[in-house]
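> Give me the fold of what follows.
(one chain, ligands or ions: 2)
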Amino acid sequence: MKLNNGIKLTWLGHATYKIEVEDNTLLIDPWVDSNPVCPDKLKTFEKLDAIILTHGHADHMVDAIPIAKKYTPTVVGIIEIAKWLENKGVENTIGFNKGGTVTVCGVKVTMVTANHSSSITEDDGTIAYLGEAAGIILEFANGYKIYHAGDTNVFGDMKIIGEIYQPDLALLPIGDHFTMGPREAAYATQLLNIPSVIPMHYGTFPILTGTVEEFRKLTASQDVNIYEMQIGETLE
Ligand code: NI
Ligand code: MN
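Ligands and ions are numbered 1, 2, ... in the order given. Coordinates of the predicted model:
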């Protein structure tokens, strides 16, 4: 599968993606060091200009603080997460909310809804709730649009997301248990009316039982290209 001119997308496993565009490196949902499936060579970066967060769960954000302190990127996420990170000494945060768009590294980032929860366990064992879980739409300068759904089940407003933003590519969770599995994801592709989908958030650990094979079977009647990206693979 090919992406539009000049955009490089690398899968670090689970819901973590690195995007390189015009000299900028962006990281979505940084679960890197403790991510059991992330290849070692992808655990460090030459530089990092932005981190984009969908929600606060450990498998999306546990490495955000050390990575942000090491590479000093702009960190973008829902207002509660931005504030929480600020309190932990992370600089250059941008907090916003659903429906809003911010521009980082020349990429327009719009926060859209997701149907999930958002929390993190503090060092003392208490749970901090971090606002709501979200999805994001990335719109690149050349017009190409990627929808990263975050963690979610299927919801009817995916139709609205598809109609308003008309993404070219969706990164959809299919693993089941913590997110939708293949059955709901197949319905999501229909609601989104999306040309291409890359499945994510499956196979990381045994409990995430959804498979690409089943997702493919359930979307067979739809006009959608399901691309099974490999961990560590870069599309450009
Ligand atoms: Ni989650
Ligand atoms: Mn997750």
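> In three-state terms, how would the residue in the chain sticking out farthest from the centre be classified?
In the chain, counting by CA atoms, centre = their mean, residue 124 sits farthest out from the average C-alpha position, at 27.7 Å. Reduced to three states with DSSP: H, G, I helix; E, B strand; the rest coil, the structure at residue 124 is coil.
> Up against ligand 1, what does the chain have?
57, 151 (CB under 5 Å from the ion). In this view, the C-beta of every residue, glycine as well, is placed from N, C-alpha and C.
> And the helices in the chain, which stretches?
Ranges of helices in the chain, per DSSP state H, are 58-61, 64-71, 79-87, 158-165, 182-192, 212-218.
> Deepest in the core, which of those helices is it.
Of all the helices of the chain, helix 182-192 carries the top mean neighbour count, a mean of 22, counting by mean count of other CB atoms under 10 Å.
> what separates residue 136 from ligand 1, distance-wise?
As defined by CB to the ion, to the nearest Å, residue 136 lies at a distance of 14 Å from ligand 1.
> Also residue 76?
Plainly put, residue 76 is 18 Å away from ligand 1 if you go by CB to the ion.
> Could you check the pLDDT of the closest residue to residue 144 other than its chain neighbours?
Taking CB to CB, 6 or more residues apart in numbering as the measure, residue 144 lies nearest to residue 4, with 3.7 Å between them; neighbours along the chain are not counted. If you check residue 4, the pLDDT there is 77.
> Any regions of this structure where pLDDT drops low?
Confidence mapping of the chain against pLDDT under 70 gives zero matching residues.
> before we move on, the earlier item: ok, now which ones touch the residue nearest to residue 144?
Applying CB atoms under 8 Å, 6 or more residues apart in numbering, we find residue 4 in contact with 140, 142-144, 168.
> Next, the distance between the ends of stretch 138-147.
End-to-end distance of stretch 138-147: 6 Å, with CA to CA, to the nearest Å as the criterion.
> on that earlier part again, could you tell me which of the contacts of residue 4 count as buried?
Restricting those to buried positions leaves 140, 144, 168, with burial counted as 16 or more other CB atoms under 10 Å.
> which one among these gets closest to ligand 2?
Each of the buried ones among the contacts of residue 4 was checked against ligand 2 using CB to the ion; the closest is residue 168, at 23.7 Å.
> Angles on the backbone of the closest residue to residue 178 other than its chain neighbours, please.
Distances taken as CB to CB, 6+ apart put residue 151 closest to residue 178, at 6.1 Å, once the chain neighbours are dropped. According to degrees, to the nearest 10, the main-chain angles of residue 151 amount to phi -100, psi 130.
> Quick check, residue 151 in contact with residue 56.
No: Residue 151 is beyond contact range of residue 56, at 10.5 Å (criterion: CB atoms under 8 Å).
> The residue lying closest to residue 17 once chain neighbours are set aside: how many residues sit nearby?
Distances taken as CB to CB, 6+ apart place residue 28 nearest to residue 17, at 4.7 Å, with adjacent residues excluded. By other CB atoms under 10 Å, 25 other residues sit near residue 28.
> Likewise for residue 202?
Residue 202 sits with 24 neighbouring residues when counted by other CB under 10 Å.
> Touching, it and residue 228? I think so.
No: using CB under 8 Å, residue 202 is not in contact with residue 228, being 10.3 Å away.
> before we move on, back to that, from residue 140, how far out is the residue nearest to residue 144?
Taking CB to CB, to the nearest Å as the measure, residue 4 and residue 140 are separated by 7 Å.
> The residue nearest to residue 17: what's it in contact with?
Counting by CB under 8 Å, 6+ apart, residue 28 touches 15-19, 51-54, 136, 148.
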